[in-house]
Structures are given as C-alpha cells and as structure tokens.
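Chemist: sequence unknown, structure follows:
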C-alpha cells in the first residue's frame with residue numbers, strides 16, 4: 001500500500017468494507033450456495049414465489065435469477081466490484097422475499113433479518129464499494 005492509498009482510506013471506507021463483507025458472505029454462503037446446489041428443482045420451487053405478485057410463467061428462470069443475485073451478487077460484494085448492480089439485484093430478490101412472507105401471514109417481526117439486510121444493501125446501493133475494494137485499488 002503506498003502513501004497515497006493510505007491517505008484515501010478512512011473510517012468511512014472501513015465501515016463500507018465490513019458492511020460489504022458481512023452482507024456478501026451471508027448472501028454467498030448462507031443464501032446463494034444452497035440455492036446453487038439445489039439445481040433446477042430448487043429454482044422451480046423458488047420461482048413459484050413469483051405467483052405472489054401475479055407472475056406464474058417461467059418459475060425455473062425466476063428461481064435461477066434469485067440464486068444468481070444472491071450467490072454471484074454476494075461474491076461481487078465481497079470483492080468490491082459491481083457493488084451497486086449487485087446490491088440492486090439482491091434488493092429485488094429481498095422484495096420478493098418480503099412479498100412471500102407477507103402473503104404467508106408472517107409478521108414484520110418475523111422478517112427482521114430481511115429488513116436489516118435491505119438497510120445495508122440500500123447503503124451499498126447509494127454509497128458504492130469504498131476504497132477498500134478491488135475497484136478502489138485501481139483508483140488514481
């Protein structure tokens with residue numbers, strides 16, 4: 001790390017780094033990886049949740065997109081590349097999770113983890129990756 005890099009990194013960057021790594025790790029390994037390994041049967045079941053918003057066609061595609069946003073979006077967050085698009089994709093997936101939970105009769109208290117994740121993802125969507133990232137390494 002050169003002296004110019006050290007001057008650019010502050011508390012703000014460390015905060016974004018830990019937020020990115022925490023959310024990225026969670027979505028990659030805890031949410032996305034099981035969906036990836038579940039394959040087409042898992043994706044079809046996941047995609048069936050789109051019926052809660054009136055979309056009943058192509059459930060395998062929608063399930064694949066949920067897996068893709070969580071697994072690969074989580075990897076992008078961990079690395080600090082394409083952070084805003086990754087956060088947006090995961091937020092869309094979490095919107096469907098909220099719709100599914102509400103239609104299932106769950107209380108807002110049951111969805112606390114989803115709302116916390118959405119708060120962190122909104123921060124990343126607005127603020128980006130920060131300087132402690134692959135993208136930050138290549139800034140002048």
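Modeler: In hand now; what should we look at? Everything numeric in this text was worked out from a predicted model, so none of it was measured.

Chemist: residues touching the residue nearest the centre of the chain, list them.
Modeler: Ranked by distance to the mean C-alpha position of the chain (C-alpha atoms, centre = their mean), the top residue is residue 90 at 3.7 Å. Residues near residue 90 by C-beta atoms under 8 Å, 6 or more residues apart in numbering: 23, 27, 69-70, 73-74, 117, 121. Yep, even glycine has a C-beta here, placed from its N, CA and C like the rest.

Chemist: Report the separation between residue 102 and residue 108.
Modeler: 9 Å (C-beta to C-beta, to the nearest Å).

Chemist: Ignore what I typed, I meant residue 126.
Modeler: From residue 126 across to residue 108, the span is 23 Å (C-beta to C-beta).

Chemist: ok, now residue 135?
Modeler: On the measure of C-beta to C-beta, residue 135 and residue 108 end up 35 Å apart.

Chemist: neighbour count winner among these two?
Modeler: Taking other C-beta atoms under 10 Å, residue 135 and residue 108 do not tie; residue 135 has more neighbours (16 against 11).

Chemist: Please name the nearest non-neighbouring residue to the residue nearest to the centre of the chain.
Modeler: residue 73 (4.8 Å; C-beta to C-beta, 6 or more residues apart in numbering).
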